[in-house]
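Asker: kindly generate the corresponding structure for this input.
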Amino acid sequence: MTVRPAKAVDIPAIVSFLVECHARSHYGSSGVNVDVVHTKKLLLMAIHRHDHKTENACWAEVVEHAGQICGLMVATMARVYMIGDKLMATDVLFATNALAQPSDAGRLLLGMVQWAKRSPYCTEIKCGVTSIIGDPERAGKLLQRLGMERYGSIFRMELERKAA
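Answerer: Next up, the predicted model:
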């Protein structure tokens, strides 16, 4: 297993990985589909901004095993609550699949945390743990081992929409 920065040539494999992860989530049967074109643009932007240290910087790493992508962390830096004069780092896409080793999720998170700590402008790191993660309690414990504390709750409401 290798944890490494994502590269532009990885984008097709990352998209396939995300489509697989999406299908396993509750969104897979909800009528919400992966917008492949948008996803490719998002990934390319994140890869180009990887390891920058200022506003809109990104962190983009993958776990690779035998040539297959089996884990992904994409994070970004934004102004604290969009109005602050300092930055916060937050995860955007974070997932692993069955090919990943149990330690790979922690390695992805640790890389993101270390990146945020290197930025002189970043004052806070936030990561979300929701039901879309297969085992949110275990993921929460991993975040706590990295020094994070529970910070509120997230609530969700699904809306009924007619097919367009």
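Asker: and residue 123, helix, strand or coil?
Answerer: strand (DSSP: H, G, I helix; E, B strand; the rest coil).
Asker: kindly report the same for residue 138.
Answerer: helix.
Asker: now for it, how many residues are close by?
Answerer: Counted with other Cβ atoms under 10 Å, the burial measure for residue 138 works out to 12 neighbours. In this view, the C-beta of every residue, glycine as well, is placed from N, C-alpha and C.
Asker: likewise residue 41?
Answerer: Residue 41 is surrounded by 12 other residues when neighbours are defined as other Cβ under 10 Å.
Asker: quick check: it vs residue 48, distance?
Answerer: For residue 41, the distance to residue 48 equals 11 Å [Cβ to Cβ, to the nearest Å].
Asker: spatially nearest residue to the residue sitting nearest the centre point of the chain (excluding sequence neighbours)?
Answerer: When the chain is reduced to its mean C-alpha position, the nearest residue by Cα atoms, centre = their mean turns out to be residue 93, at 2.3 Å. Excluding its sequence neighbours, the residue lying closest to residue 93 (Cβ to Cβ, 6 or more residues apart in numbering) is residue 74, at 4.2 Å.
Asker: got the buried residues for the helix or strand that neighbour falls within?
Answerer: Using DSSP states H and E, residue 74 maps to strand 68-79. The neighbour-count criterion (16 or more other Cβ atoms under 10 Å) identifies 69-78 as the buried residues of strand 68-79.
Asker: take the residues you listed and write them to JSON lines, including distance to residue 8.
Answerer: As requested, these are exported to JSON lines (distance: Cβ to Cβ, whole Å):
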{"residue": "69", "distance to residue 8": "13"}
{"residue": "70", "distance to residue 8": "19"}
{"residue": "71", "distance to residue 8": "18"}
{"residue": "72", "distance to residue 8": "15"}
{"residue": "73", "distance to residue 8": "17"}
{"residue": "74", "distance to residue 8": "14"}
{"residue": "75", "distance to residue 8": "18"}
{"residue": "76", "distance to residue 8": "18"}
{"residue": "77", "distance to residue 8": "21"}
{"residue": "78", "distance to residue 8": "23"}
